[in-house]
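Asks: task: produce atomic coordinates for the following.
(2 chains)
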Amino acid sequence: ELKVEQNPLFLSMQEGKNYTIYCNYSTTSDRLYWYRQDPGKSLESLFVLLSNGAVKQEGRLMASLDTKARLSTLHITAAVHDLSATYFCAPRYGGSQGNLIFGKGTKLSVKP
Amino acid sequence: NAGVTQTPKFQVLKTGQSMTLQCAQDMNHEYMSWYRQDPGMGLRLIHYSVGAGITDQGEVPNGYNVSRSTTEDFPLRLLSAAPSQTSVYFCASSSGTSTEAFFGQGTRLTVV
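Replies: Next up, the predicted model:
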């Protein structure tokens, strides 16, 4: 059974600062997703990481995957208020017919 | 371009009542799943299906039934609602040939 641990669970940042959200998972997974969720909304797909060493960037967000360490990171560069949301990582468990197992989420608040 | 459609968006039930949450997708995806989201818990997998006629239990299946008679539809049934089932429910679909996993807009259920 795959366990997922995200930290921190809460993050308050000032605009312009950098920070990293960590996602550790307990067993082998063949891919990992990052999602963003705004209050009262559904999940918006940010990144899908498919292989060891994968790095993807979109705007101020960059995600990476280390399958050997079972660790993914979501790095925020020069945060802006619009990035305030809850971020979830979700490794896939069980191969091609497996399911996404979600972390508890990191609630990010970016203050001016 | 409907994607994953969930109905209803909001529902209030009395304890002991039954109801069905509907989920439909128009992308011919073989994989569909139901999650519930509770504050501070992330998303937890209830049931999933890897194709029409095939379903299986996830992490928190008790109190819920599912069936998959067609590729498009994956309804979630609450046979006798309990206050502990108050939650936001998300349906998701994906395909083995694609890396994307799509989520519906969610159903906010309150059991009183």
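Asks: hmm, residue B:55 is touching residue B:64, no?
Replies: No - using Cβ atoms under 8 Å, residue B:55 makes no contact with residue B:64, being 10.8 Å away. C-beta: built from backbone N, CA, C; applies to glycine.
Asks: shared neighbours, these two?
Replies: residue B:47 (Cβ atoms under 8 Å, 6 or more residues apart in numbering or on different chains).
Asks: contacts only, for residue A:82.
Replies: residue A:110.
Asks: Three-state assignment for it, please.
Replies: Secondary structure for residue A:82, judged by DSSP: H, G, I helix; E, B strand; the rest coil, is helix.
Asks: what's the pLDDT at it?
Replies: Confidence at residue A:82, expressed as pLDDT, is 96.
Asks: same check on residue A:62?
Replies: 98.
Asks: just how off-centre is the helix or strand containing it within its chain?
Replies: Take DSSP states H and E as the rule and residue A:62 turns out to sit in strand A:61-66. Relative to the centre of its chain, strand A:61-66 is centred 8 Å away, using Cα atoms, centre = their mean, to the nearest Å.
Asks: with adjacent residues omitted, what lies nearest to the residue most central in space within chain B?
Replies: Geometric centre of chain B, nearest residue: residue B:34, 3.2 Å, by Cα atoms, centre = their mean. Nearest residue to residue B:34, sequence neighbours excluded (Cβ to Cβ, 6 or more residues apart in numbering or on different chains): residue B:46, at 4.3 Å.
Asks: is residue B:17 in a helix, a strand, or coil?
Replies: At residue B:17 the chain is in coil, as set by three-state DSSP.
Asks: what is the neighbour count of it?
Replies: 14 (other Cβ atoms under 10 Å in any protein chain shown).
Asks: which ones are touching it?
Replies: Contact analysis of residue B:17 by Cβ under 8 Å, 6+ apart lists B:80, B:81.
Asks: can you give me phi and psi for it?
Replies: phi -70, psi 160 (degrees, to the nearest 10).
Asks: residue B:84 too?
Replies: phi -70, psi -10.
Asks: what are the pairing partners of the strand or helix carrying residue B:11, and which direction each?
Replies: Here residue B:11 sits within strand B:10-13, counting by DSSP H and E. Strand B:10-13 sits in its sheet next to strand B:107-111 (parallel), going by DSSP bridges.
Asks: how far away is residue B:103 from residue A:54?
Replies: From residue B:103 across to residue A:54, the span is 22 Å (Cβ to Cβ, to the nearest Å).
Asks: which one of the two has more residues nearby?
Replies: Set residue B:103 next to residue A:54 and count neighbours by other Cβ under 10 Å: residue B:103 wins out with 24 against 17.
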